[in-house]
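Peer 1: Next comes the sequence, and after it the predicted model I'd like to discuss.
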2 protein chains.
Amino acid sequence: MSKVNIGPNVSIYPMPVTLVGAKVEGRANFLAVGWITRVNMKPPLLAVGLNKSHFTPRGIREHGTFSVNFPGANLMEKADYCGLVSGRRVDKSGLFRVFYGELETAPLIEECPLGLECRLYQVVELPSHDLFIGEIVTAHADEDCLTDGHPDILKINPMVLTMPDNNYWTVSERAGQAWHAGKKLKQDADLKKT
Amino acid sequence: MSKVNIGPNVSIYPMPVTLVGAKVEGRANFLAVGWITRVNMKPPLLAVGLNKSHFTPRGIREHGTFSVNFPGANLMEKADYCGLVSGRRVDKSGLFRVFYGELETAPLIEECPLGLECRLYQVVELPSHDLFIGEIVTAHADEDCLTDGHPDILKINPMVLTMPDNNYWTVSERAGQAWHAGKKLKQDADLKKT
């Protein structure tokens, strides 16, 4: 296989597509975010990397709360719009049906099949972005998007993003079972040891 | 739509599947990792959330380097195996053809179509996990997995993971164009303003 050096500015393949919500200047605002991951098990923490120039971080810092909403592919246009325009310039509060859960300043999107309420836990300041670590307080899911009480990716139909080609994709093909597909190799290794 | 409160221990849908490499006790070790995201643009930083009990963090801390490798779905069994067994117990250095790039202690996987070399930038200590923030020094890609010089998700064929159902998925269906699909809504909003 011929390897090519493609430099350091490389993306993660693929990124989840989320809408991060915050209350800014008294109104709900939503930002399209692909830089997000869980970072701690107990308590359940996640981290969101946001450019310092964005409008949303102001609300997160002011109220110490934010939401993470997972739009289905049917919301692609509105989700993309949230990444095209800044809340500084446009009022995005009427774009979705907004509701609030336990936290009064973490706006959730009714149309999104899954939404997490987060309380700000820590901010890690980085050169161009800040990393907002939030504790998941609770999550709200559409009842018909659950299987055995847990979110079902085929029912949620979330999008993933690739850059710099800037494409949205959906996930539909199951490849195998995690913490299981490698068991044969584990057995072989165990046999070699005995 | 009927919303159900499903508690705080909720995953990101979906997570990328990566193999994080480090040199530990003199040998290459690889850990399956889904908690990863880019976190800064300039310099290009990414963050990886690793349980404190893992073997790999020792090597990252010792050498200040690590790698992030993206296995194609054809490597599912080996990638899953890397999440099933600890390097403390099993020598995983012979599982793949390992090579090194600029950094001498960030083992890369020849069989993975994309691999990033990272220099440790900062460690954020959290209760059960530590967040390793790394600066991407450079990336190595299989020449036949590039389109216009950039990684092509259809050629890489990476896996994504969902929990707690523990399934691997692949991405094949394009849903639309990012920073474009919402342009009609933006035009409508601009018209309303004028």
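Peer 2: Ah, there it is. Everything numeric in this text was worked out from a predicted model, so none of it was measured.
Peer 1: Which strands or helices does the lowest-mean-pLDDT helix or strand in chain A pack on?
Peer 2: One helix or strand of chain A scores below all others by mean pLDDT, DSSP states H and E: helix A:183-193, with a mean of 87. For helix A:183-193, the packing partners by 3 or more Cβ pairs under 8 Å, 6 or more residues apart in numbering or on different chains; DSSP states H and E come out as helix B:76-84. The way it works is simple: take the backbone N, C-alpha and C, and place the C-beta from them, glycine included.
Peer 1: What are the buried residues along the helix it packs on?
Peer 2: Residues of helix B:76-84 classed as buried: B:76-84 (neighbour count, 16 or more other Cβ atoms under 10 Å in any protein chain shown).
Peer 1: Can you tell me the strand partners of the next helix or strand after it and which way each runs?
Peer 2: Next helix or strand after helix B:76-84 toward the C-terminus (DSSP states H and E): strand B:98-99. Here strand B:98-99 has these sheet partners by DSSP bridges: strand B:108-109 (antiparallel).
Peer 1: Report the mean confidence score over the partner strand.
Peer 2: The average pLDDT within strand B:108-109 is 98.
Peer 1: Buried residues in the helix or strand just after that strand, which are they?
Peer 2: As assigned by DSSP H and E, the chain's next helix or strand after strand B:108-109 is strand B:114-125. Counting neighbours by 16+ other Cβ under 10 Å, one finds that the buried residues in strand B:114-125 are B:114-121, B:124.
Peer 1: for strand B:114-125, packing partners?
Peer 2: strand A:114-125, strand B:45-51, helix B:56-63, strand B:65-70, strand B:108-109, strand B:129-142.
Peer 1: let's go with 7 Å and repeat that
Peer 2: Applying 3 or more Cβ pairs under 7 Å, 6 or more residues apart in numbering or on different chains; DSSP states H and E, one finds that strand B:114-125 makes contact with strand B:65-70, strand B:108-109, strand B:129-142.
Peer 1: hmm, back to that, any chance of the buried residues of helix B:76-84 in a markdown table with distance to residue B:147 as columns?
Peer 2: As requested, the buried residues of helix B:76-84 are exported to a markdown table (distance: Cβ to Cβ, whole Å):
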| residue | distance to residue B:147 |
| --- | --- |
| B:76 | 23 |
| B:77 | 27 |
| B:78 | 26 |
| B:79 | 24 |
| B:80 | 28 |
| B:81 | 30 |
| B:82 | 28 |
| B:83 | 30 |
| B:84 | 33 |
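Peer 1: Distance to chain A and pLDDT for the residues you listed - can I get that in CSV?
Peer 2: Putting the buried residues of helix B:76-84 into CSV (distance: Cβ to the nearest Cβ, whole Å; pLDDT from 0 to 100) gives the following:
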residue, distance to chain A, pLDDT
B:76, 5, 98
B:77, 5, 97
B:78, 7, 98
B:79, 7, 98
B:80, 3, 98
B:81, 3, 97
B:82, 7, 96
B:83, 6, 94
B:84, 5, 94
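Peer 1: Find the pair from the residues you listed with maximum spatial separation.
Peer 2: Farthest apart among those by Cβ to Cβ are B:76 and B:84. That separation is 12.2 Å.
Peer 1: still on that earlier bit, now flag whichever of the buried residues of strand B:114-125 is closest to residue B:16.
Peer 2: Nearest member of the buried residues of strand B:114-125 to residue B:16, counting by Cβ to Cβ, is residue B:114, at 11.0 Å.
Peer 1: measure the closest residue in space to the closest one that isn't next to it in sequence to residue A:24 for me?
Peer 2: Nearest residue to residue B:114, sequence neighbours excluded (Cβ to Cβ, 6 or more residues apart in numbering or on different chains): residue B:70, at 4.3 Å. Distance of residue B:70 to residue A:24, computed by Cβ to Cβ, to the nearest Å: 35 Å.
Peer 1: which of those two has more neighbours?
Peer 2: Using other Cβ atoms under 10 Å in any protein chain shown as the criterion, residue B:70 and residue A:24 rank with residue B:70 on top: 29 against 25.
Peer 1: That one: what's it in contact with?
Peer 2: A:13, B:18, B:112-114, B:156, B:158 (Cβ atoms under 7 Å, 6 or more residues apart in numbering or on different chains).
Peer 1: ditto for residue A:120
Peer 2: A:60, A:64-66, A:132, A:134.
Peer 1: now residue A:100
Peer 2: A:106-108.
Peer 1: Closest one to residue A:95 out of those, please.
Peer 2: residue A:107 (10.9 Å).
Peer 1: wait, doesn't that closest one sit right on residue A:28?
Peer 2: Yes: between residue A:107 and residue A:28 there is a contact at 3.6 Å, judged by Cβ atoms under 7 Å.
Peer 1: Overlap of the contact sets of the two?
Peer 2: Listed as contacting both residue A:107 and residue A:28 by Cβ under 7 Å, 6+ apart are A:21, A:98.
Peer 1: Neighbour count for these two, which is higher?
Peer 2: Using other Cβ under 10 Å, the more surrounded residue of residue A:107 and residue A:28 is residue A:107, with 28 against 25.
Peer 1: so how far is residue B:100 from the more buried one?
Peer 2: Applying Cβ to Cβ, the value for residue A:107 to residue B:100 is 47 Å.
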